[in-house]
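here are the coordinates; sequence isn't available:
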């Protein structure tokens with residue numbers, strides 16, 4: 001049996017790193033793990049997708065050139081499939097192909113991503129963008145459900161969820177008592193443990209790491225927040241001064257973990273006195289004494305590891321980013337610094353406050369997520385499910 005994930009991506013390094021323990025486990029246990037990438041089939045601009053970051057042979061990146069090649073692969077192999085494709089129009093046909101083969105499908109929502117749907121998609125956009133959102137999100141979702149009711153597309157078999165509130169919401173959405181929902185194939189909703197880091201190495205606690213959110217992130221532009229060159233320059237001046245001050249106070253090296261969409265050249269131009277990396281956020285979170293962020297979901301690994309954390313405010317980032325930032329602050333106790341103000345930092349006072357805040361992390365995690373004590377890791381659950389399916393197909 002082939003174990004794989006149906007996906008549509010043009011950058012795999014981040015995707016792999018987010019769930020590397022799961023992918024490595026499945027690749028080792030079942031000899032091979034397949035990323036079945038549909039991106040090149042429907043994308044008019046034939047991108048050269050870089051898979052070179054991964055050298056081992058047990059993870060296979062299969063990128064079919066056309067529908068026929070994908071159909072042949074699905075017809076030929078018995079597959080246990082992770083299907084996290086969205087309900088966008090361009091993905092409908094891929095859902096149909098998988099359904100036609102009656103492939104067992106699971107979906108996974110086990111990452112520590114903490115966001116608010118209304119804040120992300122509605123509050124800070126203009127009228128036309130809201131109309132576009134309703135069409136893209138709501139209408140596509142409605143049509144997707146109609147296709148499931150008509151049995152043109154199969155519902156997924158199991159959804160694995162790490163967030164407690166989403167577990168309840170998905171159970172109501174998929175398995176509620178309305179007449180419409182009764183026409184769905186029921187979905188088993190299973191809780192899974194939030195991934196914990198690190199597993200082996202002892203942290204060094206030697207860095208101060210800034211987790212970048214990209215001052216020119218496309219999400220901000222889509223929400224109508226345009227930042228001119230003067231404001232961009234001002235932001236980097238404020239950030240540089242703040243980081244330089246922290247470096248002097250704590251006498252630790254500053255590391256900038258760039259957002260995948262950030263321009264290395266732009267950041268290097270303005271912050272040349274600091275080391276910066278892409279796709280190494282987890283590594284530096286583990287080895288950092290102090291983490292700084294605006295609103296990145298990567299900060300959850302730092303919360304899990306009980307690291308010192310400072311939330312950075314900048315009006316230049318715009319109302320959407322500020323709302324996202326505030327969303328964190330309302331739910332977990334963190335130090336907040338406005339980088340646009342000349343803050344006088346007292347080392348001992350700040351250190352004591354950071355230590356006090358850490359005590360609140362565990363309660364926050366337990367309230368929001370399934371953890372070690374009340375759920376199993378996704379690797380163990382999937383492996384048990386595959387074994388169960390194989391036994392049913394081969395009882396002897």
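Thanks, I have it. Since the model is a prediction, treat every value here as computed from it, not as a measurement.

what stretches of the protein score poorly on pLDDT?
44-47, 111-126, 129, 175-186, 194-201, 221-224, 372-374, 393-396 (pLDDT under 70).

show me where it has its strands.
2-7, 33-37, 59-62, 79-83, 104-109, 158-161, 188-191, 207-211, 253-258, 275-278, 288-293, 308-313, 335-338 (DSSP state E).

highest mean neighbour count out of the ones you listed?
strand 207-211 (a mean of 26; mean count of other Cβ atoms under 10 Å). (C-beta placed from N, C-alpha, C; glycine too.)

now it against strand 253-258, angle please.
With axes from the mean of the first three to the mean of the last three Cα atoms, to 10 degrees as the basis, strand 207-211 and strand 253-258 are set at 20 degrees to each other.

tell me the contacts of residue 4?
For residue 4, the contacting residues are 33-36, 62, 79-82, by Cβ atoms under 8 Å, 6 or more residues apart in numbering.

farthest pair in these?
For the contacts of residue 4, the farthest-apart pair by Cβ to Cβ is 62 and 80; their separation is 15.0 Å.

before we move on, the earlier item: closest to residue 328 among the contacts of residue 4?
Checking the contacts of residue 4 one by one against residue 328 (Cβ to Cβ), the nearest turns out to be residue 82, at 28.9 Å.

name the residues linked to that closest one by a beta bridge.
residue 5, residue 106 (DSSP bridges).

what's the top helix by length along the chain in contact with?
The longest helix of the chain (DSSP state H) is helix 229-250. Helix 229-250 has contacts (Cβ under 8 Å, 6+ apart) with 208, 210, 215-216, 227, 253-254, 266-267, 270-271, 273-274, 289-290, 292, 312, 314, 316-317, 337, 339-340, 343, 345, 347.

could you check the angle strand 253-258 makes with it?
Between the axis of helix 229-250 and that of strand 253-258 there is an angle of 150 degrees, by the same axes, to 10 degrees.

what angle do helix 229-250 and strand 308-313 make?
160 degrees.

name the residues of helix 229-250 that are buried.
Of all the residues in helix 229-250, those buried under the rule 16 or more other Cβ atoms under 10 Å are 231, 235-236, 238-240, 242-243, 246, 250.

report the distance from that helix to the chain centre.
27 Å (Cα atoms, centre = their mean, to the nearest Å).

same check on stretch 354-363?
24 Å.

ok, stretch 282-293 next?
Counting by Cα atoms, centre = their mean, stretch 282-293 comes out at 17 Å from the chain centroid.

need the contacts of residue 4 in TSV (columns: distance to residue 202).
As requested, the contacts of residue 4 are exported to TSV (distance: Cβ to Cβ, whole Å):
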residue	distance to residue 202
33	29
34	34
35	32
36	37
62	38
79	40
80	36
81	37
82	32
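
any idea how far residue 85 lies from residue 9?
Separation of residue 85 from residue 9 (Cβ to Cβ, to the nearest Å) stands at 10 Å.

measure stretch 56-65 end to end?
Using Cα to Cα, to the nearest Å, the end-to-end distance of stretch 56-65 comes out at 23 Å.

do the same with stretch 34-53
Stretch 34-53 stretches 16 Å from its first residue to its last (Cα to Cα).

pull the number of nearby residues for residue 70.
By other Cβ atoms under 10 Å, the residues close to residue 70 number 22.

surely it touches residue 40?
No. Counting by Cβ atoms under 8 Å, residue 70 stays clear of residue 40, with 10.2 Å between them.

overlap in contacts of the two?
With Cβ under 8 Å, 6+ apart, residue 70 and residue 40 have common neighbours residue 64.

could the buried residues of helix 229-250 be laid out in CSV, adding distance to residue 52?
What follows is those, written out as CSV (distance: Cβ to Cβ, whole Å):
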residue, distance to residue 52
231, 36
235, 33
236, 31
238, 37
239, 32
240, 33
242, 36
243, 32
246, 35
250, 37
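
just the residues you listed now: which is nearest residue 130?
Among these, and counting by Cβ to Cβ, the member closest to residue 130 is residue 231, at 25.2 Å.

picking up where we left off before, which of the strands of the chain sits closest to residue 376?
Set against residue 376 and scored by Cβ to Cβ, the strands of the chain come closest in strand 188-191, at 8.5 Å.

relative to the closest one, what are the paired strands and their orientations?
strand 158-161 (parallel).

now do the helices in the stretch 51-200 of the chain.
When secondary structure is read from DSSP state H, counting those that start in this stretch, the stretch 51-200 of the chain shows helices at 67-76, 92-100, 117-121, 127-133, 140-149, 164-175, 179-182.

most packed of these?
By mean count of other Cβ under 10 Å, the helices of the stretch 51-200 of the chain have helix 92-100 as the most buried, with a mean of 18.

list of residues touching that one?
By Cβ under 8 Å, 6+ apart, helix 92-100 touches 6, 8, 38, 67, 70-71, 74, 81, 83, 85, 87, 105, 143-144, 147, 152-154.

change it to 6 Å
Residues from elsewhere that reach helix 92-100 (Cβ atoms under 6 Å, 6 or more residues apart in numbering): 38, 74, 85, 153-154.

so what touches stretch 252-260?
14, 207-214, 243, 247, 274-276, 278, 281, 284, 289.

one more pass at 7 Å, please.
11, 14, 206-214, 217, 243, 247, 264, 267, 271, 274-278, 280-281, 284, 289 (Cβ atoms under 7 Å, 6 or more residues apart in numbering).

just confirm residue 317 contacts residue 294, I think it does.
Yes. With contact defined as Cβ atoms under 7 Å, residue 317 counts as touching residue 294 (6.1 Å).

for the residue nearest to residue 386 when sequence neighbours are not counted, which residues are in contact?
The spatial neighbour of residue 386 that comes closest, neighbours along the chain excluded (Cβ to Cβ, 6 or more residues apart in numbering), is residue 80 at 5.3 Å. Counting by Cβ under 7 Å, 6+ apart, residue 80 makes contact with 1, 3, 104, 386, 389.

let's see it at 10 Å
1-4, 26, 30, 103-106, 382, 385-386, 389-390 (Cβ atoms under 10 Å, 6 or more residues apart in numbering).
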